[in-house]
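Trainee: Predicted model and sequence below, questions to follow.
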Amino acid sequence: MKIIIHRGAEELGGNCIELVSGESRLLLDYGAPPRTDGAEAAPEAAILNIPGLYEKATPPISGLIISHTHQDHYGALLARPINPGVKVFMTEIMEDTIRVTTKMRRDAQPLKANIHYFRKGHKFIAGRFVITPYLMEHTAAESFAFLIESDGKRVIYTGDYREHGNKAAAFKQFLAVKAGPIDALITEGNQAGIEKGPGELEVIAHVEDKIKGRNGALYVMCAGQDIGLLTSLAYLAKNTRRYLVVDGYVALLLERLKALALKQGVELKSPGLHTEYLRIIRNEATQRVYQLSEYAETFSRMRPQMFGWDWIRANLGRLIIPVRANTHLWVKDQINDLRGATLLYSAWESYAEEDGMAETLEWFKTRGLTDVPTPSTGHAYFSTIRKLIENKKPRCIIPVNTEHPEKFTAAFGKRVRLPKNGEEIEI
Ligand SMILES: [Zn+2]
(Lines give C-alpha, C1' and ligand atoms only; values in the text may rest on other atoms or scores of the structure.)
Protein backbone atom coordinates (compact mmCIF):
# COMPACT_ATOMS: atom_id res chain seq x y z
CA MET A 1 0.00 0.00 0.00
CA LYS A 2 1.11 3.55 -0.70
CA ILE A 3 0.36 6.66 1.35
CA ILE A 4 0.54 10.16 -0.15
CA ILE A 5 -0.21 13.15 2.03
CA HIS A 6 -1.33 15.77 -0.46
CA ARG A 7 -1.79 18.41 2.24
CA GLY A 8 -1.42 18.42 6.02
CA ALA A 9 2.09 16.94 6.22
CA GLU A 10 3.69 20.34 6.54
CA GLU A 11 0.91 22.50 7.96
CA LEU A 12 -1.90 22.58 10.51
CA GLY A 13 -5.09 21.49 8.76
CA GLY A 14 -6.21 21.40 5.15
CA ASN A 15 -5.87 17.62 5.22
CA CYS A 16 -6.03 15.40 2.19
CA ILE A 17 -4.39 11.99 2.34
CA GLU A 18 -4.42 9.36 -0.39
CA LEU A 19 -4.06 5.60 0.11
CA VAL A 20 -3.33 3.44 -2.94
CA SER A 21 -3.78 -0.31 -3.00
CA GLY A 22 -3.41 -1.95 -6.41
CA GLU A 23 -5.85 -0.14 -8.67
CA SER A 24 -7.84 1.32 -5.77
CA ARG A 25 -7.42 4.87 -4.50
CA LEU A 26 -8.94 6.25 -1.33
CA LEU A 27 -8.88 9.84 -0.06
CA LEU A 28 -9.08 10.79 3.62
CA ASP A 29 -10.50 14.26 4.29
CA TYR A 30 -10.50 17.26 1.98
CA GLY A 31 -9.94 20.27 4.17
CA ALA A 32 -9.51 23.94 3.43
CA PRO A 33 -5.93 25.02 4.15
CA PRO A 34 -5.28 27.18 7.18
CA ARG A 35 -5.27 30.91 6.63
CA THR A 36 -1.92 32.51 7.25
CA ASP A 37 -2.69 36.21 6.89
CA GLY A 38 -5.88 36.48 8.94
CA ALA A 39 -7.88 37.31 5.80
CA GLU A 40 -10.51 35.02 4.38
CA ALA A 41 -8.93 32.89 1.67
CA ALA A 42 -10.71 32.51 -1.68
CA PRO A 43 -12.51 29.13 -1.70
CA GLU A 44 -10.59 28.12 -4.86
CA ALA A 45 -7.34 28.25 -2.89
CA ALA A 46 -8.46 25.02 -1.24
CA ILE A 47 -8.64 23.05 -4.50
CA LEU A 48 -6.02 20.31 -4.97
CA ASN A 49 -5.04 18.98 -8.35
CA ILE A 50 -5.51 15.26 -7.70
CA PRO A 51 -6.35 13.07 -10.72
CA GLY A 52 -9.95 11.89 -10.60
CA LEU A 53 -11.17 14.44 -8.08
CA TYR A 54 -12.78 16.76 -10.63
CA GLU A 55 -12.74 14.70 -13.81
CA LYS A 56 -12.53 11.06 -14.81
CA ALA A 57 -9.17 9.36 -14.27
CA THR A 58 -7.69 5.88 -14.44
CA PRO A 59 -7.61 4.40 -11.92
CA PRO A 60 -10.53 6.33 -10.43
CA ILE A 61 -10.89 7.45 -6.82
CA SER A 62 -12.92 4.77 -5.02
CA GLY A 63 -14.00 7.01 -2.17
CA LEU A 64 -13.40 10.16 -0.14
CA ILE A 65 -13.95 9.80 3.61
CA ILE A 66 -14.58 12.81 5.84
CA SER A 67 -13.47 12.46 9.47
CA HIS A 68 -15.36 15.46 10.89
CA THR A 69 -17.02 18.72 9.95
CA HIS A 70 -14.31 21.26 10.74
CA GLN A 71 -13.32 23.50 7.83
CA ASP A 72 -9.77 22.18 7.84
CA HIS A 73 -11.06 18.65 7.20
CA TYR A 74 -13.97 19.11 4.77
CA GLY A 75 -13.91 22.77 3.63
CA ALA A 76 -12.40 22.13 0.18
CA LEU A 77 -15.50 20.10 -0.74
CA LEU A 78 -17.39 23.41 -0.90
CA ALA A 79 -14.89 25.14 -3.19
CA ARG A 80 -16.07 23.37 -6.35
CA PRO A 81 -18.34 20.31 -6.75
CA ILE A 82 -16.14 17.24 -7.08
CA ASN A 83 -16.61 14.47 -9.65
CA PRO A 84 -20.00 12.84 -8.87
CA GLY A 85 -18.37 9.48 -9.63
CA VAL A 86 -16.44 9.78 -6.34
CA LYS A 87 -18.41 8.44 -3.39
CA VAL A 88 -18.11 10.78 -0.41
CA PHE A 89 -18.49 8.99 2.91
CA MET A 90 -19.69 10.78 6.05
CA THR A 91 -22.37 10.31 8.71
CA GLU A 92 -25.91 11.65 8.49
CA ILE A 93 -25.13 14.05 11.36
CA MET A 94 -22.06 15.32 9.52
CA GLU A 95 -24.01 15.98 6.33
CA ASP A 96 -26.73 17.77 8.27
CA THR A 97 -24.21 19.92 10.15
CA ILE A 98 -22.57 20.97 6.86
CA ARG A 99 -25.95 21.74 5.25
CA VAL A 100 -27.16 23.86 8.20
CA THR A 101 -23.83 25.68 8.40
CA THR A 102 -23.61 26.53 4.69
CA LYS A 103 -27.21 27.75 4.62
CA MET A 104 -26.38 30.36 7.24
CA ARG A 105 -24.47 32.37 4.65
CA ARG A 106 -26.41 33.69 1.70
CA ASP A 107 -23.33 33.62 -0.53
CA ALA A 108 -22.12 30.14 0.45
CA GLN A 109 -22.13 27.26 -2.02
CA PRO A 110 -24.29 24.33 -0.96
CA LEU A 111 -22.58 20.96 -0.63
CA LYS A 112 -22.87 19.05 -3.91
CA ALA A 113 -21.46 15.54 -3.64
CA ASN A 114 -22.38 11.90 -4.06
CA ILE A 115 -22.82 11.27 -0.33
CA HIS A 116 -22.95 7.85 1.31
CA TYR A 117 -23.42 7.41 5.05
CA PHE A 118 -21.28 5.37 7.39
CA ARG A 119 -22.09 4.50 10.99
CA LYS A 120 -19.73 4.08 13.89
CA GLY A 121 -18.36 0.58 14.20
CA HIS A 122 -19.96 -0.57 10.91
CA LYS A 123 -17.45 -1.67 8.28
CA PHE A 124 -17.89 -0.32 4.76
CA ILE A 125 -16.11 -0.91 1.47
CA ALA A 126 -14.57 1.44 -1.09
CA GLY A 127 -12.71 -0.28 -3.94
CA ARG A 128 -10.32 -2.77 -2.33
CA PHE A 129 -10.41 -0.98 1.02
CA VAL A 130 -12.38 -2.16 4.03
CA ILE A 131 -12.95 0.73 6.42
CA THR A 132 -14.13 0.69 10.04
CA PRO A 133 -15.06 4.07 11.59
CA TYR A 134 -14.58 4.69 15.34
CA LEU A 135 -16.13 7.61 17.20
CA MET A 136 -13.51 9.91 18.72
CA GLU A 137 -13.64 12.69 21.31
CA HIS A 138 -13.15 16.10 19.64
CA THR A 139 -14.81 19.52 19.41
CA ALA A 140 -16.89 18.82 16.28
CA ALA A 141 -20.47 17.54 16.31
CA GLU A 142 -19.05 14.08 15.56
CA SER A 143 -15.49 12.99 14.83
CA PHE A 144 -14.08 9.67 13.63
CA ALA A 145 -10.88 7.67 13.33
CA PHE A 146 -10.67 4.92 10.73
CA LEU A 147 -9.09 1.52 10.49
CA ILE A 148 -8.41 0.93 6.80
CA GLU A 149 -7.52 -2.56 5.58
CA SER A 150 -6.42 -3.71 2.15
CA ASP A 151 -4.17 -6.46 0.80
CA GLY A 152 -3.23 -7.59 4.30
CA LYS A 153 -2.08 -4.09 5.32
CA ARG A 154 -3.68 -2.05 8.08
CA VAL A 155 -3.61 1.72 8.47
CA ILE A 156 -5.19 3.87 11.17
CA TYR A 157 -6.06 7.49 10.43
CA THR A 158 -7.02 9.31 13.64
CA GLY A 159 -8.64 12.48 12.28
CA ASP A 160 -8.69 14.99 15.17
CA TYR A 161 -9.05 13.65 18.71
CA ARG A 162 -8.33 14.08 22.39
CA GLU A 163 -9.11 12.21 25.59
CA HIS A 164 -9.87 15.06 27.94
CA GLY A 165 -13.34 16.33 26.92
CA ASN A 166 -16.67 15.01 28.09
CA LYS A 167 -16.75 12.16 25.55
CA ALA A 168 -13.54 10.70 27.01
CA ALA A 169 -15.16 7.25 26.91
CA ALA A 170 -14.80 7.28 23.12
CA PHE A 171 -11.00 7.36 23.36
CA LYS A 172 -11.02 4.53 25.91
CA GLN A 173 -13.21 2.47 23.59
CA PHE A 174 -10.82 3.11 20.73
CA LEU A 175 -7.92 1.87 22.85
CA ALA A 176 -9.92 -1.27 23.59
CA VAL A 177 -10.33 -2.08 19.88
CA LYS A 178 -8.30 -5.14 18.87
CA ALA A 179 -7.28 -3.94 15.42
CA GLY A 180 -4.49 -6.45 14.74
CA PRO A 181 -0.96 -5.50 13.64
CA ILE A 182 -0.93 -1.91 12.39
CA ASP A 183 1.42 -1.04 9.53
CA ALA A 184 0.97 2.73 9.75
CA LEU A 185 -0.67 5.16 12.14
CA ILE A 186 -1.44 8.58 10.66
CA THR A 187 -2.05 10.76 13.70
CA GLU A 188 -2.79 14.44 14.18
CA GLY A 189 -0.27 16.35 16.28
CA ASN A 190 -1.81 19.83 16.44
CA GLN A 191 -1.02 20.20 20.17
CA ALA A 192 1.83 17.70 20.37
CA GLY A 193 3.97 20.47 21.85
CA ILE A 194 2.00 20.19 25.10
CA GLU A 195 2.89 17.13 27.15
CA LYS A 196 -0.18 17.10 29.36
CA GLY A 197 -2.95 19.45 30.45
CA PRO A 198 -6.17 19.51 32.42
CA GLY A 199 -9.45 18.05 31.23
CA GLU A 200 -12.26 20.27 30.03
CA LEU A 201 -14.43 19.31 33.02
CA GLU A 202 -11.66 20.41 35.43
CA VAL A 203 -11.42 23.74 33.61
CA ILE A 204 -15.19 24.24 33.87
CA ALA A 205 -15.18 23.29 37.58
CA HIS A 206 -12.47 25.89 38.16
CA VAL A 207 -14.55 28.52 36.34
CA GLU A 208 -17.61 27.54 38.36
CA ASP A 209 -15.71 28.31 41.57
CA LYS A 210 -14.61 31.64 40.15
CA ILE A 211 -18.02 32.89 39.02
CA LYS A 212 -20.24 31.53 41.79
CA GLY A 213 -22.03 34.45 43.40
CA ARG A 214 -20.51 36.92 40.96
CA ASN A 215 -22.70 39.28 39.03
CA GLY A 216 -21.32 39.66 35.53
CA ALA A 217 -21.77 38.05 32.14
CA LEU A 218 -19.50 35.15 31.28
CA TYR A 219 -18.36 35.04 27.64
CA VAL A 220 -16.83 31.74 26.54
CA MET A 221 -15.08 31.08 23.22
CA CYS A 222 -17.07 28.16 21.84
CA ALA A 223 -17.63 27.20 18.19
CA GLY A 224 -21.24 26.54 17.18
CA GLN A 225 -20.71 22.81 16.76
CA ASP A 226 -18.62 22.25 19.91
CA ILE A 227 -21.44 20.23 21.44
CA GLY A 228 -19.22 18.95 24.27
CA LEU A 229 -18.39 22.44 25.51
CA LEU A 230 -22.00 23.62 25.03
CA THR A 231 -23.08 20.69 27.21
CA SER A 232 -20.55 21.65 29.90
CA LEU A 233 -21.74 25.27 29.74
CA ALA A 234 -25.36 24.14 30.16
CA TYR A 235 -24.39 22.35 33.38
CA LEU A 236 -22.43 25.41 34.48
CA ALA A 237 -25.52 27.57 33.88
CA LYS A 238 -27.64 25.19 35.95
CA ASN A 239 -25.13 25.03 38.81
CA THR A 240 -24.63 28.78 38.99
CA ARG A 241 -28.30 29.71 38.37
CA ARG A 242 -27.51 31.44 35.11
CA TYR A 243 -28.94 31.38 31.59
CA LEU A 244 -27.17 29.89 28.58
CA VAL A 245 -27.64 32.29 25.67
CA VAL A 246 -27.34 30.99 22.11
CA ASP A 247 -28.50 32.12 18.69
CA GLY A 248 -30.89 30.40 16.29
CA TYR A 249 -28.06 28.63 14.43
CA VAL A 250 -26.70 26.95 17.56
CA ALA A 251 -30.22 26.14 18.79
CA LEU A 252 -31.01 24.56 15.40
CA LEU A 253 -27.80 22.49 15.39
CA LEU A 254 -28.50 21.28 18.95
CA GLU A 255 -32.06 20.25 18.09
CA ARG A 256 -31.18 18.49 14.84
CA LEU A 257 -28.25 16.67 16.39
CA LYS A 258 -30.44 15.37 19.20
CA ALA A 259 -33.13 14.23 16.77
CA LEU A 260 -30.64 12.48 14.44
CA ALA A 261 -28.88 10.76 17.35
CA LEU A 262 -32.23 9.61 18.73
CA LYS A 263 -33.03 8.09 15.33
CA GLN A 264 -30.02 5.84 15.96
CA GLY A 265 -31.14 5.08 19.51
CA VAL A 266 -28.71 7.46 21.25
CA GLU A 267 -30.04 9.97 23.76
CA LEU A 268 -27.60 12.88 23.96
CA LYS A 269 -27.16 14.88 27.17
CA SER A 270 -26.56 18.09 25.24
CA PRO A 271 -28.83 21.09 25.85
CA GLY A 272 -31.78 21.73 23.55
CA LEU A 273 -35.08 23.55 23.36
CA HIS A 274 -36.29 21.51 26.34
CA THR A 275 -33.57 23.09 28.53
CA GLU A 276 -35.43 25.56 30.74
CA TYR A 277 -32.51 27.97 31.26
CA LEU A 278 -31.66 28.15 27.55
CA ARG A 279 -32.38 31.50 25.96
CA ILE A 280 -32.28 32.40 22.28
CA ILE A 281 -31.38 35.87 21.10
CA ARG A 282 -32.93 37.54 18.08
CA ASN A 283 -29.76 38.27 16.13
CA GLU A 284 -29.01 37.97 12.43
CA ALA A 285 -28.30 34.23 12.62
CA THR A 286 -31.71 33.66 14.22
CA GLN A 287 -33.31 35.80 11.54
CA ARG A 288 -31.59 33.67 8.90
CA VAL A 289 -33.01 30.46 10.40
CA TYR A 290 -36.46 32.09 10.31
CA GLN A 291 -36.02 32.66 6.55
CA LEU A 292 -35.23 28.99 5.90
CA SER A 293 -38.69 27.45 5.47
CA GLU A 294 -37.37 23.89 5.83
CA TYR A 295 -36.70 24.64 9.52
CA ALA A 296 -40.06 26.35 10.18
CA GLU A 297 -41.23 23.65 12.59
CA THR A 298 -38.06 23.87 14.72
CA PHE A 299 -38.20 27.65 14.57
CA SER A 300 -41.76 27.64 15.94
CA ARG A 301 -40.53 25.56 18.89
CA MET A 302 -37.70 28.08 19.46
CA ARG A 303 -40.09 31.00 19.84
CA PRO A 304 -41.02 30.48 23.53
CA GLN A 305 -37.31 30.72 24.42
CA MET A 306 -36.61 33.84 22.40
CA PHE A 307 -36.10 36.93 24.48
CA GLY A 308 -35.63 40.52 23.34
CA TRP A 309 -32.57 42.70 23.87
CA ASP A 310 -34.20 44.49 26.83
CA TRP A 311 -34.41 41.17 28.67
CA ILE A 312 -30.78 40.41 27.75
CA ARG A 313 -29.59 43.79 29.06
CA ALA A 314 -31.64 43.51 32.25
CA ASN A 315 -30.26 40.02 33.03
CA LEU A 316 -26.72 40.52 31.79
CA GLY A 317 -25.13 39.62 35.12
CA ARG A 318 -26.60 36.12 34.95
CA LEU A 319 -25.77 35.18 31.38
CA ILE A 320 -23.33 32.64 29.96
CA ILE A 321 -22.72 33.59 26.34
CA PRO A 322 -20.85 31.17 24.05
CA VAL A 323 -18.81 33.32 21.67
CA ARG A 324 -18.50 32.16 18.10
CA ALA A 325 -17.52 33.93 14.88
CA ASN A 326 -19.03 37.44 14.71
CA THR A 327 -20.64 37.36 18.18
CA HIS A 328 -18.93 40.71 18.77
CA LEU A 329 -21.16 42.33 16.13
CA TRP A 330 -24.35 41.92 18.16
CA VAL A 331 -22.59 42.36 21.49
CA LYS A 332 -21.32 45.73 20.23
CA ASP A 333 -24.71 46.83 18.89
CA GLN A 334 -27.01 45.50 21.58
CA ILE A 335 -25.03 45.19 24.81
CA ASN A 336 -21.92 47.32 24.57
CA ASP A 337 -21.63 47.34 28.37
CA LEU A 338 -18.90 44.84 29.24
CA ARG A 339 -18.30 46.00 32.81
CA GLY A 340 -17.93 43.14 35.26
CA ALA A 341 -17.83 40.61 32.43
CA THR A 342 -15.41 37.69 32.18
CA LEU A 343 -13.91 36.22 29.01
CA LEU A 344 -12.95 32.57 29.01
CA TYR A 345 -10.82 31.27 26.14
CA SER A 346 -8.18 28.70 25.44
CA ALA A 347 -4.65 29.96 25.67
CA TRP A 348 -3.53 27.21 23.30
CA GLU A 349 -6.08 27.15 20.49
CA SER A 350 -5.70 29.06 17.24
CA TYR A 351 -9.50 28.97 16.69
CA ALA A 352 -8.90 28.35 12.99
CA GLU A 353 -11.61 25.70 12.72
CA GLU A 354 -14.44 28.22 12.28
CA ASP A 355 -13.87 31.23 10.01
CA GLY A 356 -13.83 34.51 11.92
CA MET A 357 -13.44 33.13 15.46
CA ALA A 358 -9.86 34.33 15.88
CA GLU A 359 -10.88 37.88 14.87
CA THR A 360 -13.83 37.79 17.27
CA LEU A 361 -11.52 36.75 20.12
CA GLU A 362 -9.20 39.67 19.34
CA TRP A 363 -12.14 42.09 19.61
CA PHE A 364 -13.14 40.76 23.02
CA LYS A 365 -9.54 40.77 24.27
CA THR A 366 -9.26 44.52 23.79
CA ARG A 367 -12.48 45.40 25.63
CA GLY A 368 -11.25 45.23 29.21
CA LEU A 369 -13.07 42.08 30.32
CA THR A 370 -11.54 39.95 33.04
CA ASP A 371 -9.42 37.62 30.92
CA VAL A 372 -9.34 33.97 31.86
CA PRO A 373 -7.05 32.17 29.41
CA THR A 374 -7.40 28.49 30.21
CA PRO A 375 -5.07 25.60 29.53
CA SER A 376 -7.45 23.79 27.24
CA THR A 377 -7.49 22.47 23.71
CA GLY A 378 -9.62 20.48 21.29
CA HIS A 379 -6.66 18.29 20.34
CA ALA A 380 -4.67 15.46 21.88
CA TYR A 381 -1.90 16.29 24.34
CA PHE A 382 1.32 14.43 23.59
CA SER A 383 0.63 12.10 26.54
CA THR A 384 -2.57 11.02 24.74
CA ILE A 385 -0.78 10.50 21.42
CA ARG A 386 1.83 8.44 23.26
CA LYS A 387 -0.93 6.34 24.88
CA LEU A 388 -2.45 5.62 21.47
CA ILE A 389 0.90 4.68 19.92
CA GLU A 390 1.84 2.42 22.83
CA ASN A 391 -1.56 0.78 22.57
CA LYS A 392 -1.71 0.22 18.79
CA LYS A 393 2.04 -0.43 18.35
CA PRO A 394 2.16 0.73 14.72
CA ARG A 395 5.18 -0.28 12.66
CA CYS A 396 5.34 3.22 11.25
CA ILE A 397 4.05 6.55 12.62
CA ILE A 398 3.16 9.45 10.33
CA PRO A 399 2.28 12.68 12.16
CA VAL A 400 0.18 15.25 10.32
CA ASN A 401 -0.99 18.76 11.28
CA THR A 402 1.89 19.38 13.62
CA GLU A 403 4.51 21.99 14.29
CA HIS A 404 6.32 19.57 16.58
CA PRO A 405 7.60 16.63 14.52
CA GLU A 406 10.67 16.53 16.79
CA LYS A 407 8.46 15.38 19.69
CA PHE A 408 7.58 12.30 17.67
CA THR A 409 11.12 11.47 16.56
CA ALA A 410 12.46 11.99 20.08
CA ALA A 411 9.84 9.62 21.51
CA PHE A 412 9.61 6.98 18.77
CA GLY A 413 12.83 7.23 16.74
CA LYS A 414 13.05 5.51 13.36
CA ARG A 415 9.42 4.40 13.35
CA VAL A 416 8.45 8.02 12.61
CA ARG A 417 8.16 9.08 8.97
CA LEU A 418 8.01 12.77 8.14
CA PRO A 419 7.07 13.00 4.47
CA LYS A 420 6.66 16.20 2.54
CA ASN A 421 3.32 17.03 0.93
CA GLY A 422 2.95 14.90 -2.20
CA GLU A 423 5.71 12.41 -1.30
CA GLU A 424 4.88 8.69 -1.64
CA ILE A 425 5.42 6.36 1.29
CA GLU A 426 5.40 2.63 0.65
CA ILE A 427 4.28 0.55 3.63
ZN1 LIG B 1 -11.07 19.38 14.13
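Mentor: Okay, I see it.
Trainee: If you count neighbours, what's buried in stretch 361-368?
Mentor: For stretch 361-368, a neighbour-count test (16 or more other C-beta atoms under 10 Å) marks 361, 364 as buried. Every residue, glycine included, has its C-beta placed from N, CA and C.
Trainee: Mean confidence (pLDDT) on that stretch, please.
Mentor: In this model, stretch 361-368 has a mean pLDDT of 92.
Trainee: what comes into contact with it?
Mentor: 219, 221, 323, 328, 332, 338, 343, 345, 351, 371 (C-beta atoms under 8 Å, 6 or more residues apart in numbering).
Trainee: Go ahead and confirm residue 23 touches residue 57.
Mentor: No. If you go by C-beta atoms under 8 Å, residue 23 and residue 57 don't touch, sitting 11.5 Å apart.
Trainee: secondary structure class for the residue of the stretch 151-300 of the chain found nearest the ion?
Mentor: Taking C-beta to the ion, the ion has its nearest neighbour within the stretch 151-300 of the chain at residue 160, 3.6 Å off. Taken by DSSP: H, G, I helix; E, B strand; the rest coil, the conformation at residue 160 corresponds to coil.
Trainee: how about it, what does it touch?
Mentor: 67-68, 70, 73, 136, 138-140, 143, 188, 190, 378-379, 401.
Trainee: Near residue 284, how many other residues are there?
Mentor: Counted with other C-beta atoms under 10 Å, residues neighbouring residue 284 total 16.
Trainee: Please state the backbone phi and psi of residue 19?
Mentor: With angles defined as degrees, to the nearest 10, residue 19 sits at phi -110, psi 140.
Trainee: before we move on, back to that, who has more neighbours, residue 23 and residue 57?
Mentor: residue 57 (15 against 11).
Trainee: Could you tell me the model confidence score at the closest residue in space to the more buried one that isn't next to it in sequence?
Mentor: Counting by C-beta to C-beta, 6 or more residues apart in numbering, residue 51 is the residue found nearest to residue 57 once chain neighbours are left out, at 3.9 Å. You'll see residue 51 listed with a pLDDT of 98.
Trainee: same thing with residue 105?
Mentor: 87.
Trainee: Can you name the residues of this structure that neighbour the ion?
Mentor: By the rule C-beta under 5 Å from the ion, the part of the chain lying against the ion is 70, 160.
Trainee: For the stretch 1-150 of the chain, give me the ranges with low pLDDT.
Mentor: 35-41 (pLDDT under 70).
Trainee: one more time with 50
Mentor: Scanning the stretch 1-150 of the chain for pLDDT under 50 picks out nothing.
Trainee: Do a quick rundown of the helices in it.
Mentor: For the stretch 1-150 of the chain, the helices defined by DSSP state H, counting those that start in this stretch cover 71-74, 92-103.
Trainee: looking at these, which is buried most?
Mentor: helix 71-74 (a mean of 25; mean count of other C-beta atoms under 10 Å).
Trainee: Contacts for that helix, please.
Mentor: 12-15, 29-34, 66-68, 90, 94, 98, 159-160, 352-355, 401.
Trainee: cool, stretch 83-91 as well?
Mentor: With C-beta under 8 Å, 6+ apart as the criterion, stretch 83-91 contacts 27, 52-56, 60-66, 69, 74, 77, 82, 98, 113-120, 124, 126, 131, 142, 144.
Trainee: and those, which are buried?
Mentor: Among the contacts of stretch 83-91, those scoring as buried are 27, 52-53, 60-66, 69, 74, 77, 82, 98, 113, 115, 118, 120, 124, 126, 131, 142, 144 (criterion: 16+ other C-beta under 10 Å).
Trainee: What are the structural domain limits within the protein?
Mentor: Domain ranges of the chain: 2-194+379-426, 200-374, per automatic domain parsing.
Trainee: hang on, the earlier thing: how many residues are close by the residue nearest to residue 57?
Mentor: 14.
Trainee: For the ion, what's its nearest residue on the stretch 1-150 of the chain.
Mentor: Residue nearest to the ion within the stretch 1-150 of the chain (C-beta to the ion): residue 70, separated by 3.6 Å.
Trainee: ok now do residue 403, which residues does it touch?
Mentor: Residue 403 touches 12, 193, counting by C-beta under 8 Å, 6+ apart.
Trainee: again, but for residue 376
Mentor: 197, 198, 200, 203, 346, 347, 348, 349.
Trainee: do the same with residue 68
Mentor: 74, 94, 138, 140, 141, 142, 143, 144, 159, 160.
Trainee: and residue 220, that's in a strand?
Mentor: Yes. Assessed with three-state DSSP, residue 220 lies in a strand.
Trainee: Specify the beta-bridge partners of it.
Mentor: residue 322, residue 344 (DSSP bridges).
Trainee: does it really touch residue 323, like I thought?
Mentor: Yes. In terms of C-beta under 8 Å, residue 220 counts as a neighbour of residue 323; the distance is 6.3 Å.
Trainee: Report pLDDT for residue 265.
Mentor: At residue 265, the pLDDT recorded in the model is 92.
Trainee: Not counting sequence-adjacent ones, nearest residue to the most centrally placed residue in the chain?
Mentor: Relative to the mean C-alpha position of the chain, the nearest C-alpha, by C-alpha atoms, centre = their mean, is the one of residue 140, at 3.0 Å. Spatial nearest neighbour of residue 140, excluding adjacent residues (C-beta to C-beta, 6+ apart): residue 68 at 4.0 Å.
Trainee: so which of the contacts of stretch 361-368 is the most crowded?
Mentor: Neighbour max across the contacts of stretch 361-368 (other C-beta under 10 Å) = residue 219, 26 neighbours.
Trainee: And the pLDDT for it?
Mentor: Value listed for residue 219 in the pLDDT field: 96.
Trainee: rewinding a little: of the contacts of stretch 361-368, closest to residue 168?
Mentor: Nearest to residue 168, judged by C-beta to C-beta, of the contacts of stretch 361-368 is residue 221 at 21.0 Å.
Trainee: And the closest one, how close does it get to residue 82?
Mentor: 32 Å (C-beta to C-beta, to the nearest Å).
Trainee: Would you mark the buried spots in the helix or strand hosting residue 312?
Mentor: Residue 312 belongs to helix 309-314 when assigned by DSSP states H and E. Residues of helix 309-314 classed as buried under the neighbour-count rule (16+ other C-beta under 10 Å) are residue 312.
Trainee: Over to stretch 148-163?
Mentor: In stretch 148-163, the ones that count as buried by 16+ other C-beta under 10 Å are 148-150, 153-163.
Trainee: How many residues are close by the spatially closest residue to residue 192 that is not a sequence neighbour?
Mentor: Spatial nearest neighbour of residue 192, excluding adjacent residues (C-beta to C-beta, 6+ apart): residue 404 at 4.3 Å. Residues contacting residue 404 under the criterion other C-beta under 10 Å number 16.
Trainee: Many thanks, have a good one.
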